[in-house]
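Quick one, fold the following:
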Amino acid sequence: MKLKSLILLFVISHLSTNYCIAQISDFPAPGELFDNGGYKMHLLIEGKNKTGPNVIFFHGAGDIALNWNLVLPKVGQFATAVAIDQNGEGWSEHGHGAALNQQVYDSRQVLRKAGINPPYIVVGHSLGGIIANLFAVEFKDEIAGVVLVDATHPDVVLKIYNKESKKMEWKKMRLTANDSIPPVITTPITTPKEISSFQGRKDFGNKLDKFSEEDKERFQWIYNLRPWTYIKGQADTYEAEIFQMMYENYEDYSLSELPLIVITGGAKEPKEGDENWSSESLMNHSISLQKNLLTLSSNSEQIIAKNSGHHIHIDEPEVVVVAIKKLINDANKK
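Next comes the predicted model:
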């Protein structure tokens, strides 16, 4: 379908409450869709039925499972590798909202529906690192190892809108927490959700250069042609609240002796600071947080990806593949 036809299709079409957008395009899900209790979740799966631990990938905020496609096929050569589109992201339909604790539960459920059984090595990038940490703690008996790829730390500093000063300011996100964390919903969805949408735009720069032409078209469709959707009243991820909970109860989120590899980008560009945090202090704080992630396990190591920014799995995918292979080999020796 030509670009103009796609645009016209979206102009004349209206998003329905059951969110069937993937079925009206020339960009069907590249992976497999599994019913997860009244809604479908999308999994990219490589290397089916390999022996040893299955490798599960969690994407970062604003990303989709497809972001792992430079790593996934390579890992699929020696393990079963699965990247999950979280609820409402990529080709996954909306479930019970976007709260991080809900995403952990829903991810576990869809893996079971897909027949992807433990043990797992969980790999999380950015905010997906928080999900990987929560997943590993919640289902510790099912975990063989953890890889954090430039992962978010609960004490992260982000540029957040200050409602009082009406300015964007650098501050620790956990300090903005003011809501309670909703309980995980485990019942199937029986009635359609009320969906709202907006038209997003994303400039990829040269980030897509290494991807196949087919994947480049998929990225452009997801981010620049198809409207972004969210469930009215359920769009909050409760990041600040969960970060605060993890920060205040740090020992409860320990991985004990689970093998942990922390991969940190070594070529990240400094952020422009403000009167609250200078550029230098932002960078130093980020470096200290990556080192602090090592304390999650007594069996941890850090790898500095010297030529990578924040998206190490795109800048240097081989670094991530080597780390995963190490954990796979160690697990298979036991």
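
Now residue 282: closest residue in space that isn't a chain neighbour?
With sequence-adjacent residues excluded and distances taken as CB to CB, 6 or more residues apart in numbering, residue 282 is closest to residue 271, at 5.1 Å. Heads up, the C-betas are built off the backbone N, CA and C, glycines and all.

ok, now residue 332?
residue 52 (5.0 Å).

ok, now residue 185?
residue 96 (4.1 Å).

any idea how far the one you found is from residue 182?
Remark: distance between residue 96 and residue 182 (CB to CB, to the nearest Å) = 9 Å.

The residue nearest to residue 282 contacts residue 284, doesn't it?
No: counting by CB atoms under 8 Å, residue 271 sits too far from residue 284 to count as a contact (11.7 Å).

okay, these two: which has more neighbours?
The residue with more neighbours, out of residue 271 and residue 284, is residue 271; 16 against 12, by other CB atoms under 10 Å.

show me the contacts for that one.
Listed by CB atoms under 8 Å, 6 or more residues apart in numbering, the contact set of residue 271 reads 159, 170, 279, 282, 283.

Is it possible to get JSON lines of those residues that adds pLDDT and distance to residue 73?
Converted to JSON lines, these look like this (pLDDT from 0 to 100; distance: CB to CB, whole Å):
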{"residue": "159", "pLDDT": "95", "distance to residue 73": "35"}
{"residue": "170", "pLDDT": "96", "distance to residue 73": "38"}
{"residue": "279", "pLDDT": "97", "distance to residue 73": "37"}
{"residue": "282", "pLDDT": "97", "distance to residue 73": "35"}
{"residue": "283", "pLDDT": "97", "distance to residue 73": "33"}
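
so where do the strands sit in the chain?
32-35, 40-46, 54-58, 81-84, 120-125, 143-149, 157-162, 167-172, 195-198, 228-231, 260-265, 300-305 (DSSP state E).

Next, format the ones you listed as TSV and append mean neighbour count and distance to residue 328.
Shown next, in TSV, are the strands of the chain (neighbours: other CB atoms under 10 Å; distance: least, CB to CB, whole Å):
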stretch	mean neighbour count	distance to residue 328
strand 32-35	16	22
strand 40-46	23	14
strand 54-58	27	7
strand 81-84	28	10
strand 120-125	28	7
strand 143-149	26	8
strand 157-162	15	33
strand 167-172	15	36
strand 195-198	14	40
strand 228-231	17	36
strand 260-265	24	12
strand 300-305	17	15
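
Export the contacts of residue 271 as JSON lines, with columns for distance to residue 46.
JSON lines is the format used below for the contacts of residue 271 (distance: CB to CB, whole Å):
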{"residue": "159", "distance to residue 46": "36"}
{"residue": "170", "distance to residue 46": "38"}
{"residue": "279", "distance to residue 46": "39"}
{"residue": "282", "distance to residue 46": "36"}
{"residue": "283", "distance to residue 46": "35"}
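
now, which of these sits nearest residue 263?
Distance to residue 263, by CB to CB, is smallest for residue 283 among those, at 17.6 Å.

Give me the number of neighbouring residues for the closest one.
16.

hang on, the earlier thing: now distance to residue 212 too, for the strands of the chain, in a markdown table please.
Output for those, formatted as a markdown table (distance: least, CB to CB, whole Å):
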| stretch | distance to residue 212 |
| --- | --- |
| strand 32-35 | 19 |
| strand 40-46 | 13 |
| strand 54-58 | 18 |
| strand 81-84 | 15 |
| strand 120-125 | 20 |
| strand 143-149 | 21 |
| strand 157-162 | 32 |
| strand 167-172 | 36 |
| strand 195-198 | 28 |
| strand 228-231 | 24 |
| strand 260-265 | 24 |
| strand 300-305 | 23 |
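
Quick check: beta-bridge partners of the closest residue to residue 76 other than its chain neighbours?
Leaving aside its sequence neighbours, residue 76 sits nearest to residue 46 (CB to CB, 6+ apart; 2.7 Å). With DSSP bridges as the criterion, residue 46 is bridged to residue 81.

Relative to residue 82, how far out is residue 46?
Applying CB to CB to residue 46 and residue 82 gives a distance of 8 Å.

and what of residue 264?
Taking CB to CB, one finds residue 264 at 24 Å from residue 82.
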